[in-house]
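Peer 1: Give me the fold of what follows.
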Amino acid sequence: MERWGGPWLLCLLPLMAVGQPLDAGSAAYEERTVTGIRGRAVELSCGSAAPAVVFWSFTAAGSAGPPRAVAVGSGPEAAVAPGAGALGRVTLRNGTLELRELRTAAAGRFLCQGLFPEWGRLRVGYAAVMLRVLVPVSKPFVRLTAAAAAEGTEVALTCTVREGTAPLSFSWQHREPHGGLLAAPTGLGGSGAELLLAPANRSHAGWYACTARNEVNNRTSEPVYLDIVYGPDEPAISVEPFSLEQGSFSAGEREDVVLSCLAPSNPPSRYIWLHNGSQVHIGQTFVMSAIARGQAGTYTCLAENTHLQTRTQATIVLTVYWIPAGSPTCTAAATKHDEYVMLQCRWEGGTPPATLRWWDGRGRALGAPTPSATVLVLSTDTSLRGRDFVCVAAHPLRAAGAECRLRLDVPELEVERGEVAVLEGGEARLACRQRGGGELGAEMGWYDPQEREVPAGTTKYRLERGGPWANLTVRDAEWPQDGGTYRCAAANSVGTASLPVRLRVDRYPAPPNVTISKLRYTRARTEVRLQWRTEGAGNLTGFVVQRRPAKKPQRRVPGPWETAAGDIEPHSRDRRLGGLDPRVVYAFRVLAVNHRTAGHPSEVQTPAEPPFEALPAVTGAAVMGMLVATSMSLLAVHCIARHRDRLPRLHELLFRIAGPDAPQLAEDANVAMSTEDGEGQGQEEPGGPSTAAMEEEPRSAPPGDPADDAPVDVTITMTAMP
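Peer 2: So this is what the prediction gives:
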């Protein structure tokens, strides 16, 4: 779509009509109404045929102003006015105006003006389109005057929608709290968007939803819950098993009695049961298993509505005929330092009380029958071990007698593990407990592998006792002295029992071997520098360096090893050891350690002497002396050459010892000195005598003089100061 060029296209209309007759008398006028839905698309056509030139304008509904341009087109060319975006996404194709994503602002009158070619002529056509924009109804929601209302009050429900084109219609659906699908409510007042419940009752409780409709669509709200609060009604008490007797309820002894109370209420009633005026239970159902005579009396069910703070109650009378509840109980206890064993049998209660009597395992009666409780005292004897005793109870309301049994025996022990393994340095826990023979109780203890009783509160052992059990913890286990068989023992008045537990103390795996790679004294011989390396696989936790004086000729056996360093980290591979006596020759060895397990010691080595380090200093001093001597020699030669007048003898000795070329060397030296003097005194005047001419010619020795031809020995001594 091109940019807005409507005025230019309008200016071209006369040009387009040139050469084509314009039939103004046959202009067509058309009016129609089109309905569109907001957010969707709608097409507005200018006529049945595609115009050669078309111009669309728009006048908003209810507006008295001039129409606004929307779009203009000629053939395939079209342009949309800049302000047309307020109507939606506007496109013009073959004279048809298409509005996508329709907006509510597009409601109004659209006018199409076009030129239609017919039979060689241009016909003018007008089309007025009234566009209605419908808004779909939004999802409604329900508002309640009260989410929870008391029964008998008035409740109003309102269905509200945010938007939607009128007219709107509403309908209501209702579902009971535990019902199925929503259905139209029956017998309810109100209509339209409001539903009135006046007065509300418990049948009105449940889920409510409303549906809103218009000519575009319909939407249903999410259901909301209306709670009607009521009650409690008069309670109704039921008793199981049912047995009505003279206006009261009754139950047999040892029967299970269930009391239930029902008082309709919302929220559900809170039930409280009272027995003879005292609270005994909270809940709708009160179960009394094996009811006893002491539970007879009046039972009141109190129903309470906590929301309305209202209460109702009902009371019944329950009569119980009973024998002692449960069964006889037997106990045994040692008395007077285990000199006697006392057997007790007790079964209290009942009308009449139960009769109790002791019998031995062979069927012989022991003692006389007594009501409710009986006691039998026996002297401690090894013959009691393993014997059974039976207490038989009899009651007139019970056809079969009840009984309880006791067996006097030594404790039966069991251990957690028959063998316990621990690494050296760890803790081992040995657990033991009684499994039977607990009627008389027992005193439990532990014995070490040397059959010594383990006392409580020692550093090595921790002994814990708790009734039928005793645990022994061995701290800081050492190999091999802490290994062996420990014994758990329990004793009572009829005997002793024990069980062995084997403790195995394992050593840590051997660490890798160690080899000394470097061992050398320092210059002062009070320290050594030690380096080593490991060979082979294995875990390690550190290293130990040991030393001792080396074996002397007069001593056949070397001294004991002593630890020179024992806190060396496992990643370290060198150590500087001090505190040595320079007069003693030491031997060293290194061991790898894995916790408490030491590996094979390295080979024994003695430290090597430190390397001689004086050669660099002597060489440096000699070189420095030579440099100083050379410098002094050059200075001396230079001084003699410059001062030949003052030191003639030295000059002759120095420059004549060179051989036949000595005179020439002397002359060169004299010339050099003269040159230097001339430079210091300035240039001679022209024509004046030169210094070389003024000098006297050297005298030659007379021929044949042997002294002149004899060689001269000259010794020059130079001392270089460091």
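Peer 1: Going by C-alpha atoms from here, please, whenever you check contacts or count neighbours.
Peer 2: OK.
Peer 1: Would you map the strands across the stretch 251-400 of the chain?
Peer 2: With DSSP state E, counting those that start in this stretch, the ranges of strands along the stretch 251-400 of the chain come out as 257-262, 270-275, 278-282, 285-288, 297-305, 310-321, 329-335, 340-346, 355-360, 365-371, 373-379, 387-394.
Peer 1: Which one of these lies nearest to A431?
Peer 2: Proximity to A431 (Cα to Cα) singles out strand 329-335 among the strands of the stretch 251-400 of the chain, at 25.8 Å.
Peer 1: for the protein, where's the lowest mean pLDDT among helices and strands?
Peer 2: Least confident element among the helices and strands of the chain, by mean pLDDT, DSSP states H and E: helix 691-694 (a mean of 32).
Peer 1: For burial, what's the neighbour tally of T220?
Peer 2: 19 (other Cα atoms under 10 Å).
Peer 1: Output the below-cut-off pLDDT ranges for this protein.
Peer 2: Where the chain drops to pLDDT under 70, the residues are 1-26, 180-191, 242-247, 351-352, 396, 436-438, 551-557, 612-618, 655-722.
Peer 1: quick one: the helices in it?
Peer 2: 6-11, 13-17, 615-642, 648-656, 662-681, 691-694, 706-709 (DSSP state H).
Peer 1: I'd guessed E527 sits against L577; true?
Peer 2: Yes. Using Cα atoms under 8 Å, E527 is in contact with L577, at 5.5 Å.
Peer 1: between the two, who's got more neighbours?
Peer 2: Neighbours per residue (other Cα under 10 Å) separate E527 from L577, with E527 holding more: 18 against 15.
Peer 1: What residues does the more buried one make contact with?
Peer 2: Contact partners of E527, counting by Cα atoms under 8 Å, 6 or more residues apart in numbering, are 521, 576-580.
Peer 1: Next, give phi and psi for A200.
Peer 2: phi -80, psi 140 (degrees, to the nearest 10).
Peer 1: switch to numbering from 664
Peer 2: With the count now opening at 664, the last piece we talked about shows up as A863.
Peer 1: what residues are up against it?
Peer 2: By Cα under 8 Å, 6+ apart, A863 lies in contact with 812-818, 891.
Peer 1: Narrow those to those in strands?
Peer 2: Under the assignment DSSP state E, the contacts of A863 contribute 812-813, 818, 891 to strands.
Peer 1: Now tabulate those residues in TSV and tack on neighbour count and distance to A997.
Peer 2: Shown next, in TSV, are the ones in strands among the contacts of A863 (neighbours: other Cα atoms under 10 Å; distance: Cα to Cα, whole Å):
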residue	neighbour count	distance to A997
A812	19	70
A813	20	69
V818	22	77
I891	24	68
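Peer 1: circling back: so which of the contacts of E1190 is the most crowded?
Peer 2: Counting by other Cα under 10 Å, top hit in those: Y1184 with 22 neighbours.
Peer 1: Need the winner for burial among the strands of the stretch 914-1063 of the chain.
Peer 2: strand 960-968 (a mean of 22; mean count of other Cα atoms under 10 Å).
Peer 1: ok now stretch 1057-1070, how far from the chain's centre?
Peer 2: In terms of Cα atoms, centre = their mean, to the nearest Å, the centre of stretch 1057-1070 is found 61 Å from the chain centre.
Peer 1: returning to that earlier point: quick one, which of the strands of the stretch 914-1063 of the chain gets closest to R1092.
Peer 2: Nearest of the strands of the stretch 914-1063 of the chain (Cα to Cα): strand 992-998, 31.1 Å.
Peer 1: just to revisit the earlier point, now intersect the contacts of E1190 with the strands, please.
Peer 2: 1184, 1239-1240.
Peer 1: from these, which is closest to N877?
Peer 2: Using Cα to Cα, the ones in strands among the contacts of E1190 come closest to N877 at R1239, 99.1 Å.
Peer 1: Can you tell me the number of residues neighbouring the residue nearest to that closest one when sequence neighbours are not counted?
Peer 2: Closest residue to R1239 apart from its sequence neighbours, by Cα to Cα, 6 or more residues apart in numbering: R1192 at 4.7 Å. As a burial measure, R1192 scores 16 neighbours (other Cα under 10 Å).
Peer 1: Next: W870.
Peer 2: For W870, using other Cα under 10 Å, the count is 20.
Peer 1: and if you look at the one 3 residues further on?
Peer 2: Residues near C873, counting by other Cα under 10 Å, number 28.
Peer 1: same check, this time on P1223
Peer 2: The burial count for P1223: 9, using other Cα under 10 Å.
Peer 1: Just confirm it contacts R1211, I think it does.
Peer 2: Yes. With contact defined as Cα under 8 Å, P1223 reaches R1211; the gap is 6.5 Å.
Peer 1: Looking at the ones in strands among the contacts of E1190, which is nearest A690?
Peer 2: So of these, ranked by how close each gets to A690 (Cα to Cα), first place is R1239, at 119.3 Å.
Peer 1: List the contacts of that closest one.
Peer 2: 1190-1193.
Peer 1: for the ones in strands among the contacts of E1190, which one is nearest L778?
Peer 2: Here the nearest of those to L778, counting by Cα to Cα, is R1239; it sits at 111.9 Å.
Peer 1: does the residue nearest to T978 when sequence neighbours are not counted have beta-bridge partners, and which?
Peer 2: Spatial nearest neighbour of T978, excluding adjacent residues (Cα to Cα, 6+ apart): T963 at 4.2 Å. T963 has these beta-bridge partners by DSSP bridges: L937, T978.
Peer 1: My guess is T963 contacts W936. True?
Peer 2: Yes. Under the criterion of Cα under 8 Å, T963 makes contact with W936 at 5.7 Å.
Peer 1: mind listing what's buried in stretch 858-874?
Peer 2: 858, 860, 863-865, 867-874 (16 or more other Cα atoms under 10 Å).
Peer 1: for that stretch, the distance to its chain's centre please.
Peer 2: Here the centre of stretch 858-874 is set off from its chain's centre by 51 Å, with Cα atoms, centre = their mean.
Peer 1: Dump the C-alpha coordinates for it into PDB.
Peer 2: Provided in PDB are the C-alpha atoms of stretch 858-874 (Å, rounded to 0.1, in the frame of the first residue of the first chain):
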ATOM      1  CA  LEU A 858     -30.800 -13.600  41.400                       C
ATOM      2  CA  LEU A 859     -32.500 -13.000  44.700                       C
ATOM      3  CA  LEU A 860     -32.800 -15.600  47.400                       C
ATOM      4  CA  ALA A 861     -35.300 -14.400  50.000                       C
ATOM      5  CA  PRO A 862     -35.200 -16.000  52.400                       C
ATOM      6  CA  ALA A 863     -32.300 -18.300  51.800                       C
ATOM      7  CA  ASN A 864     -32.500 -21.900  53.100                       C
ATOM      8  CA  ARG A 865     -30.100 -24.900  53.300                       C
ATOM      9  CA  SER A 866     -31.300 -26.100  49.900                       C
ATOM     10  CA  HIS A 867     -29.900 -23.000  48.300                       C
ATOM     11  CA  ALA A 868     -26.300 -23.900  49.200                       C
ATOM     12  CA  GLY A 869     -24.100 -24.900  46.300                       C
ATOM     13  CA  TRP A 870     -22.400 -23.600  43.200                       C
ATOM     14  CA  TYR A 871     -23.900 -20.800  41.100                       C
ATOM     15  CA  ALA A 872     -22.900 -19.700  37.600                       C
ATOM     16  CA  CYS A 873     -24.400 -17.200  35.100                       C
ATOM     17  CA  THR A 874     -24.400 -17.000  31.300                       C
END
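Peer 1: Thanks a lot, see you next time.
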